[in-house]
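K.L.:
the following block contains a protein sequence and its predicted model.
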Amino acid sequence: MSLLFLHACSMNDNIGILMYILFFTTTVHHASYVSFVFVMFIFHLDKQASDETCQEKEKEQPPYVRMPQHLADLASEIHSPILAGRLRPIGDDILDTNTDDDNSPPGESNLSGNFIVNMTLTEENFNAAVRNHLYLHPYCKGSVTINSAKTIKHGFGIAAVMHCSTCKFETERFKFYEEGEKVGRGRRPAKINTQMSVALTKHPIGVSTLVELLSACDISTPSTQSLQRAVNRAADAFVKINREQLQFNRELVLNENESRTGKTSPIKIQCDAAYNNSPKGRSFSQPGTQAYCPVFCSESGLAKVPVSVATASKLCSCRQSSRGRKVHSENCQRDFQVTKPISNAELTMGVKCGEELAESNFIAGDVVTDGVGPGQLYKGINQAMTSKGYDSCKNQDCSKHISSTLRRNLRKITLDSVYVNDKAVLRNKKQDRLLDFISRRCRWEFRAMHKKYHKNINVFKSKCLQAKSGIIACVEGNRELCIQNCHACYLHRKNRPTRTPRCLPDAQYVHFSQADQQKLLGCMEKKLGSQAVDNQRNNLTTNRCESSHRTTQRSVPKTRTFVRTFKGRVHSAMHSMSLGHIRSIIEANKKLGVENNIRSWAFRTLKSLYKCNPGLPVTKQNLIKQYTT
């Protein structure tokens, strides 16, 4: 009898306790051997029931455990000494949920607040848990819920254990989020974490701002450190993704140019640099520390797509040593010297863009820049092209920037022979209106001359020189000289009567002195002079680059400095220039292994917000249709 008792105690603690109680009662009351066999049969049934309650492995129990309430009541009825030295009994409907995954304070639930879950997986997990509960415990009337104490977070997603509120049924840990492709060591990342990181690279907010917005809505968020690491990985991935897209764009432009001309010929490009601050620290701003330079195809009739981009930064996120000096690693983000002004980075960025174009056999012809005369960007691209064995590029000035420079120069002069009888304030206003009209007339005349004489550069230059005197004659009311020299005048035309010059102040003609005429002709030399016409002979602008700056500043605003993800954010913005904002997000998620669900409500919302069709495939025809003017 003692050996049987010890063997039962080794198999199950509760069975051993109950056998001890019954052995004590049979000894005291001298029960028969038949009653003892019947009790042992009850013990066997109880052991089978306890083995079926939970399918998980048995955990090591501490030396003192709480007895179930029904066994404690049975022991107290027979006045058994087994209750001595034990803790108070625990209710049958309470489970021990102390696990290593429980990070919440005592008495609090890990599931308080709002969580982001996948509805399809949530439905499948609950259905599987309820089905298993009914199969293992068909007579249990408890409800299956989430065990909040065993819930852990994986970024924005959660993984939880389902259990029964009455019996000891527990499931394995279910994941309420979709998993992406595994990258490197560790578990597979949650799709929502990577998708959120991709979207962050296209907006001016950072990790801390996102956590603040979601926390204000009582939505559980990952730590800022883990979210920042995810954004860093997305930014690094965007650099590779955008370089592949730029290579595709260059091949697209080369194929279209070859099919149009029948040979490989130089292609006109435009480039312009932008800075996070003023390059030289003018006025109240600090000197610039980061810069980027996009390069677009500027050839008429070809797709206006980006073909290259380069960045320069003085900042890095390397850690400081014990002596207060930074120890730069191989993956340091700094690629420009701190001691030099950031404006000198234009030469470095020009060389980078030129080398990238030369590797793809993309021959740059005319390089349009925003400066007057050859700039650092042109010199860098020309240096890279000549080092690869190609012919030298030709510099072209942006006609839009030249017109703006003309307007500023005209506003700086003072006319001594007009509006002398008016008051100072009224005189200045009239002079500004008159000078703005002259600035517009120079732009109109240049455009009309280029449209008519662009094939003969010598005739084009001579006509522009004649237009300078024609504009002054038009303002003075000399109809014959205006008709002879001007091509864009709507006041004096052949076979039309002279109209009232409503475009002039007080709708009256003015007469300039010889000194005022020399001032005006000197300013108009910047737009209609011989050298200026030669630098603007193709009438090209950098408007595509200027518009791209507005899109790029959405990802890299001047009000914030992104040290670690600056390069990735610039490439993310340029990728949006190639495919569109929404298509860029979808393609990036697909290449990162976290493809969007095109049948989801969120996909339809994105489609309606940007008035586009993100489902269009990235093909040559779609790009040509999107970017060809």
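P.N.:
Okay, I see it. Numbers count the residues shown, from 1 in each chain.
K.L.:
does anything pack onto the strand ranked longest in the chain? Which helices or strands?
P.N.:
In the chain, with assignment by DSSP state E, the single longest strand is strand 144-154. Based on contacts counted as 3 or more Cβ pairs under 8 Å, 6 or more residues apart in numbering; DSSP states H and E, the elements that strand 144-154 packs against are helix 119-136, strand 157-164, strand 170-175. C-beta coordinates here come from the backbone N, C-alpha and C atoms, glycine included.
K.L.:
that one pairs with which strands?
P.N.:
Strands adjacent to strand 144-154 in the sheet, as given by DSSP bridges, are strand 157-164 (antiparallel).
K.L.:
specify the angle between the strand it pairs with and helix 119-136 in degrees.
P.N.:
Computed with axes from the mean of the first three to the mean of the last three Cα atoms, to 10 degrees, the direction of strand 157-164 lies at 20 degrees from that of helix 119-136.
K.L.:
hang on, the earlier thing: of the helices and strands packed on strand 144-154, which is nearest Cys297?
P.N.:
Proximity of the helices and strands packed on strand 144-154 to Cys297 was assessed by Cβ to Cβ; the nearest stretch is strand 157-164, lying at 42.5 Å.
K.L.:
could I get that closest one in CSV with only the CA atoms?
P.N.:
What follows is strand 157-164, C-alpha atoms only, in CSV (Å, rounded to 0.1, in the frame of the first residue of the first chain):
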residue,chain,number,x,y,z
GLY,A,157,1.5,43.8,-34.3
ILE,A,158,0.7,41.6,-31.4
ALA,A,159,0.9,37.9,-30.7
ALA,A,160,-1.4,36.4,-28.0
VAL,A,161,-2.4,33.2,-26.3
MET,A,162,-6.1,32.2,-26.2
HIS,A,163,-7.4,30.5,-23.1
CYS,A,164,-10.7,29.5,-21.5
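K.L.:
that's a helix at Ile585, yeah?
P.N.:
Yes: the assignment for Ile585, made by DSSP: H, G, I helix; E, B strand; the rest coil, places it in a helix.
K.L.:
what sits against it?
P.N.:
With contacts taken as Cβ atoms under 8 Å, 6 or more residues apart in numbering, Ile585 has the following neighbours: Val198, Ala199, Lys202, Asn596, Leu606.
K.L.:
what's the most distant pair in those?
P.N.:
Among the contacts of Ile585, the pair separated by the greatest distance (Cβ to Cβ) is Lys202 and Asn596, at 14.5 Å.
K.L.:
which residues touch whichever strand or helix holds Arg550?
P.N.:
Secondary-structure element containing Arg550, defined by DSSP states H and E: helix 543-555. The set of residues that contact helix 543-555 without belonging to it, under Cβ under 8 Å, 6+ apart, is 201-204, 270-272, 274, 292, 294-296, 298, 304, 306, 400, 569-570, 572-574, 576-577.
K.L.:
buried subset of those residues, written for ChimeraX?
P.N.:
Restricted to the buried members of the contacts of helix 543-555, where burial is judged by 16 or more other Cβ atoms under 10 Å, the ChimeraX selection command reads as follows:
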select :201,202,204,270,271,272,274,292,294,295,296,298,304,306,400,569,570,572,573,574,576,577
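K.L.:
among the contacts of helix 543-555, which are located in strands?
P.N.:
Counting by DSSP E, the contacts of helix 543-555 place Gln270, Cys271, Ala274, Tyr292, Pro294, Val295, Phe296, Pro306 in strands.
K.L.:
what is the nearest of those residues to Leu434?
P.N.:
Looking at these and their distance to Leu434, the nearest is Gln270, at 32.8 Å (Cβ to Cβ).
K.L.:
show the pLDDT at the closest one.
P.N.:
The predicted structure scores Gln270 at 92 on the pLDDT scale.
K.L.:
hang on, it packs against Thr542?
P.N.:
Yes: in this structure, Gln270 is within contact of Thr542 by Cβ atoms under 8 Å, at 4.8 Å.
K.L.:
which neighbours do these two share?
P.N.:
If you check Gln270 and Thr542 against Cβ under 8 Å, 6+ apart, the residues they both contact are Val368, Thr369, Cys398.
K.L.:
quick check, the first one in a helix?
P.N.:
No: read with three-state DSSP, Val368 is strand and lies in no helix.
K.L.:
now neighbour count and pLDDT too, for the shared contacts of Gln270 and Thr542, in JSON lines please.
P.N.:
Supplementary listing: those in JSON lines, determined by neighbours: other Cβ atoms under 10 Å; pLDDT from 0 to 100:
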{"residue": "Val368", "neighbour count": "28", "pLDDT": "90"}
{"residue": "Thr369", "neighbour count": "26", "pLDDT": "89"}
{"residue": "Cys398", "neighbour count": "25", "pLDDT": "91"}
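K.L.:
on that earlier part again, among the contacts of Ile585, which ones are in strands?
P.N.:
By the criterion of DSSP E, membership of the contacts of Ile585 in strands covers no residue at all.
K.L.:
which of those are buried?
P.N.:
By neighbour count, with 16+ other Cβ under 10 Å, these hold Val198, Ala199, Lys202, Asn596, Leu606 as buried.
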